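Enquirer: model this:
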Amino acid sequence: MALLGLALSRVSAPRLWEAAHQLSLLTLSLCLALATAQVFVASWRWHLMLQAVGVRLRLATTVKVNVVSLLANTLMINVVGGALTRIYLLNKMSVPSAPVLSTTALEKLLATAVLAALSIVGLIVLHPHFAPRLPTHGDLVGWAILAIMLVVGVVAVLSQRMRRGARVVLDYLKALMRAARAFLGDRRALATAVLLTGLSQLMIILIGGALTVSLWAEAPPLYVMLVLPPTMLLAGLPISIGGWGVREFSIMVVLGMLGASPDVGLLVSLLIYASTLGGIVIAAALMLPVHLRRPAALGAS
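Expert: Numbers count the residues shown, from 1 in each chain. Got it, this is the predicted structure:
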């Protein structure tokens, strides 16, 4: 939230309102359609992953559970809120938590890998453009962050309480790994999940690109889509509620390095959130007739 406050301090309400008037209804409709489709693509991916680990639900049931979990992610800490919601709802259908949590973790791992790969490509392509704008002390900051992480890790390993807690966690992780191995052993399911993950992330990138081009006439579309993956990667980390603050600040920074004003950067980030939330709401409305009381069938895929 501190980052959100910092982002808001760099803009003024009149300029923000003036920039918002440049957004066309067609662009907003396109973004909502993409966001709704992204919800169904992500739900289908999770459905296939659950099948691979032996959990058999109706596709409609999986979609509705995923829609509720996505809504939880927008209102709670990223990933954590959605995972707890999935576990709670599927537990009511007699599904154990291990396959639910393992598929959720694998989903996040796939999304992180795809976004990291896209971020690296963007860094390679845009490095000549960004290098003159990077602070001269950037390398020192990066090494300082790595050193802090290393110190925290060593302290955690040496702590008796942390080691006792780690044993409990490891016992549960064994159950998670069994479910994860079942999925990773299904090459067809893994390949399909990777493709659907790429498609899902591409839809969000297109939403951000369409909004930026609509609000900023001079925006280079390819460059915009290349700088968005790192911001999505950061916003998806479980360190904020719904990505608030992290998403806004990071998008303002990367678009600012391309030449956009802070008003455009903030407005794009807010509209990306509004579009994804709108897509979840539309998907939820479409799935209202589906009930969650049917028990799941468990077994090897």
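Enquirer: Test my guess that Arg45 contacts Thr197.
Expert: Yes: when contacts are counted by C-beta atoms under 8 Å, Arg45 is listed as touching Thr197 (6.4 Å). In short, each C-beta sits where N, CA and C put it, glycine included.
Enquirer: neighbour count winner among these two?
Expert: Between Arg45 and Thr197, Arg45 has the larger neighbour count (other C-beta atoms under 10 Å), namely 25 against 22.
Enquirer: Buried residues of the helix or strand hosting that one, list them for me.
Expert: In the assignment (DSSP states H and E), Arg45 maps to helix 25-52. By 16 or more other C-beta atoms under 10 Å, the buried positions in helix 25-52 come out as 27-28, 30-52.
Enquirer: So for stretch 44-62, mean pLDDT?
Expert: Stretch 44-62 carries an average pLDDT of 90.
Enquirer: just stretch 98-112 next, same as before
Expert: 87.
Enquirer: For it, give me every contacting residue.
Expert: With contact meaning C-beta atoms under 8 Å, 6 or more residues apart in numbering, stretch 98-112 is reached by 42, 45-46, 49-50, 53-55, 79, 82-83, 86-87, 90, 172, 175-180, 183-184, 193-194, 197, 200-201, 233, 236.
Enquirer: switch to 7 Å and redo it
Expert: Stretch 98-112 is contacted from outside by 45-46, 49-50, 53-55, 79, 83, 86-87, 90, 175-176, 179-180, 183, 193-194, 197, 201, 233, 236, using C-beta atoms under 7 Å, 6 or more residues apart in numbering.
Enquirer: same check, this time on stretch 210-226
Expert: Residues contacting stretch 210-226 (C-beta under 7 Å, 6+ apart): 19, 22-24, 27, 30-31, 122, 125-126, 205, 209, 255, 258, 260, 264, 267-268, 271-272.
Enquirer: For the one residue sitting closest to the centre of the chain, give me its contacts.
Expert: Nearest to the geometric centre of the chain sits Gly236, at 4.0 Å (C-alpha atoms, centre = their mean). Residues near Gly236 by C-beta under 7 Å, 6+ apart: 78, 111, 243.
Enquirer: got a pLDDT number for it?
Expert: 84.
Enquirer: How about Val224?
Expert: 91.
Enquirer: Pull up the gap between it and Leu109, please.
Expert: Per C-beta to C-beta, to the nearest Å, Val224 is found 26 Å from Leu109.
Enquirer: And the two? Which one has more around it.
Expert: Using other C-beta under 10 Å as the criterion, Val224 and Leu109 rank with Val224 on top: 22 against 12.
Enquirer: Buried residues, stretch 94-109. List them.
Expert: Residues 95, 97-108 are the ones in stretch 94-109 that count as buried (16+ other C-beta under 10 Å).
Enquirer: just the CA coordinates of that stretch, formatted as PDB?
Expert: Output in PDB follows, covering the C-alpha atoms of stretch 94-109 (Å, rounded to 0.1, in the frame of the first residue of the first chain):
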ATOM      1  CA  SER A  94     -14.600 -34.500  -0.300                       C
ATOM      2  CA  VAL A  95     -11.500 -33.500  -2.200                       C
ATOM      3  CA  PRO A  96      -8.300 -33.700  -0.100                       C
ATOM      4  CA  SER A  97      -6.200 -30.600   0.100                       C
ATOM      5  CA  ALA A  98      -2.900 -32.100  -1.200                       C
ATOM      6  CA  PRO A  99      -3.900 -32.300  -4.900                       C
ATOM      7  CA  VAL A 100      -5.600 -28.900  -4.700                       C
ATOM      8  CA  LEU A 101      -2.600 -27.200  -3.300                       C
ATOM      9  CA  SER A 102      -0.100 -29.000  -5.500                       C
ATOM     10  CA  THR A 103      -2.000 -28.000  -8.700                       C
ATOM     11  CA  THR A 104      -2.300 -24.500  -7.500                       C
ATOM     12  CA  ALA A 105       1.400 -24.300  -6.800                       C
ATOM     13  CA  LEU A 106       2.200 -25.800 -10.200                       C
ATOM     14  CA  GLU A 107      -0.100 -23.200 -11.800                       C
ATOM     15  CA  LYS A 108       1.800 -20.500 -10.100                       C
ATOM     16  CA  LEU A 109       5.100 -22.000 -11.100                       C
END
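Enquirer: Since that was my last question, I'll sign off now.
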